[in-house]
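1. A structural model of the following input is requested.
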Amino acid sequence: MAAANNSRALLPVLALAGVVFFLLAHAAVAAADADAAAPQGLEFHVGGPRGWRVPDANTSYGWWAMNNRFRVGDHLYFKYANDSVLLVDRTAFDACNTTEPLATFADGATRFVLDRPGFFCFISGEPGHCEEGQRLIVRVMVHPAIVATPGPASAPATSAQPGHGGGGQGHPPRASSGADTAVAAAASVAVAAALAAFVSLVLMLQ
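-> Next up is the predicted model:
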C-alpha cells in the first residue's frame, strides 16, 4: 500500500518535469523559427554584369546608387580583375586619396556587408581610376523592422559624381521580422502550461 501511495505521489512530479522539458524544447524551436523568419539582406551587384571597372559615358555609379535602396543587412558584390576596392572616409572619397583606406579588398570578388546605417564610400585602388569616375558612395537606411517609419525611397548618394552602375535593382517588400512567430509560440506555451496544470490537479485528486 505504501509503495502504491508513493508511486501515486510521484505522478504529479513526473508530469510537471515532463511539462518543463516540453516548454524548454518548445521555446528553443520557437527561437529558431524566429531567426529563420528574420529578414534576409539583398545582394547588389555593383556595376551589374560589367562589374567594378572604370565607367564609360553611358553608365554611372552615382545614378545607380540613387536608384536603389540599401538597408542594414544588405551587401554589395564587387566583381573585378586587375583592380581593387578601397573602403574610405568621405574626405578620401572626395579627394580620390588611396593612401589611407579604412579597408582594402583585392580578391576579385568582394562581398561587403552593410552592417550599419549611414554612408559607405568606395573607390578603386588603381592609379587614376577614381579620378575617371570609378567610385561609389551608398546611403544605408535603418531597416523598417527596427523603426516604424522607413527612410525615403531613394536618396542622393554622391555629389553629382559620374560612375559606373548596373541595372536598377529595386528593393522588394521585406519578410516579417519573426514577431508573428514569437506571438504564436507564446500562445502555445500558455496553452501547454494550462493543460499541464489541469493534468497535475487531476492526478493529485486521485
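
2. Beyond the helix or strand of the chain with the lowest mean pLDDT, next helix or strand please.
-> Sorting the helices and strands of the chain by mean pLDDT, DSSP states H and E puts helix 2-37 at the bottom, at a mean of 50. Later in the chain than helix 2-37, the nearest helix or strand by DSSP states H and E is strand 43-46.

3. for that following strand, packing partners?
-> With contacts taken as 3 or more CB pairs under 8 Å, 6 or more residues apart in numbering; DSSP states H and E, strand 43-46 sits against strand 75-79. All C-beta atoms are positioned from the backbone trio N, CA, C, and that covers glycine.

4. In the strand it packs on, which residues are buried?
-> 76, 78-79 (16 or more other CB atoms under 10 Å).

5. Residue ranges in this structure under the pLDDT threshold?
-> The chain contains residues with pLDDT under 70 at 1-40, 143-206.

6. count of neighbours near the closest residue to Phe105 other than its chain neighbours?
-> Sequence neighbours aside, Val85 is the residue nearest to Phe105 in space, at 4.3 Å (criterion: CB to CB, 6 or more residues apart in numbering). Neighbours of Val85 under the rule other CB atoms under 10 Å: 24.

7. Thought Thr110 was touching Val85, still the case?
-> Yes - the pair Val85 / Thr110 is scored as a contact, 5.2 Å apart, by CB atoms under 8 Å.
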